[in-house]
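S.K.: One predicted model, sequence on top.
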Amino acid sequence: MGTMLRLTAATLVATALFSQSAAADFELGFYGGWNGSFDSDAQFRRGDTNFTMHSVPWEGLSFDFQGGAPYYGARATYWPDAAPDWGIMLDYTHAKVRAEGSAKVKTSGKYMGAPAPNKMRVSDAFNRFEFTDGLNMMTLNAVRKLPPLGAARPYVGAGIGLAQPHVEVTGPGFPKTFEYQVTGVAAQVLAGISVPVGERVSLFGEYKLSYAGVDADLAKGGRLSTSVWTNHLLVGASLRFGGGS
């Protein structure tokens, strides 16, 4: 529910901001897709525990309908009449990742007051370590249309914003954390192609690479720090408003 409210609010704000110029184009787009993340270190701190799990593998759950919606996103793009090949895009993405519990990874530091073992399974330390109600990112992007390829129009873009994952962590020495938090910077680069299928409707396919910084509060004084780099492959549709070219 919280995710949908934020998405609706963002869309309304974007509509209010970008629809002021009747001559310009304004697009609303919705998409689904797949995400897969690179391994990353994760540091956990609470009480006499301060240890790092190195190169934790992340499992993408793009098509998982349990515990929240699958991968989806929405965006609003303003194409000013004065520079019709340049756009300003507000992009919201709901990806899903989970640390692979069966993975045995290197550790360092102190775990529950003792030196951390050289290696341990993720599931030995945590019953739950995931962002499956959303590795959510909201970014403001600059987008550039490239020369057309027939009816198709390639484009590229880049942007920066905020990461707001649903932090889900519990395990020995770590009471249950289960909440949305703004945890740091989000950034992305993207490249795609858009194909019109009507006067105002287009279909698009896209690749993007995103970064989400996670510096999260855990229950009862704990802390989690990690960075998640993610590949995205997505397809969607957009509806254009306005009178721009």
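M.R.: Received the coordinates, thanks.

S.K.: Now the helix or strand hosting residue 59: average pLDDT?
M.R.: Assigned by DSSP states H and E, residue 59 belongs to strand 58-60. For strand 58-60, mean pLDDT rounds to 93.

S.K.: After that strand, which helix or strand is next?
M.R.: Downstream of strand 58-60 (by DSSP H and E), the next one is strand 72-79.

S.K.: list the helices and strands the strand holding residue 59 packs on?
M.R.: With contacts defined as 3 or more Cβ pairs under 8 Å, 6 or more residues apart in numbering; DSSP states H and E, the packing partners of strand 58-60 are strand 25-37, strand 86-99. Placement of C-beta: from N, CA and C, glycine included.

S.K.: gap between it and the chain center?
M.R.: Centroid separation for strand 58-60 versus its chain: 13 Å, with Cα atoms, centre = their mean, to the nearest Å.

S.K.: Could you do stretch 216-236 as well?
M.R.: That offset, for stretch 216-236, works out to 9 Å (Cα atoms, centre = their mean).

S.K.: most tightly surrounded among the helices and strands packed on strand 58-60?
M.R.: strand 86-99 (a mean of 23; mean count of other Cβ atoms under 10 Å).

S.K.: Would you mind finding the longest strand in the protein?
M.R.: Longest among the strand segments of the chain by residue count, using DSSP state E, is strand 222-242.

S.K.: elements contacting that one?
M.R.: Strand 222-242 packs on strand 25-37, strand 40-46, strand 72-79, strand 86-99, strand 128-145, strand 166-171, strand 174-180, strand 201-218, going by 3+ Cβ pairs under 8 Å, 6+ apart.

S.K.: Could you list the paired strands of the fourth one along with their orientation?
M.R.: When you say that, I think you mean strand 86-99. strand 58-60 (antiparallel), strand 72-79 (antiparallel), strand 128-145 (antiparallel) (DSSP bridges).

S.K.: The first one too?
M.R.: The strands that strand 25-37 pairs with in its sheet are strand 72-79 (antiparallel), strand 222-242 (antiparallel) (by DSSP bridges).

S.K.: Same check on the second one?
M.R.: Paired neighbours of strand 40-46 in the sheet (DSSP bridges): strand 49-56 (antiparallel), strand 222-242 (antiparallel).

S.K.: chain center to the longest one: distance?
M.R.: Centroid separation for strand 222-242 versus its chain: 4 Å, with Cα atoms, centre = their mean.
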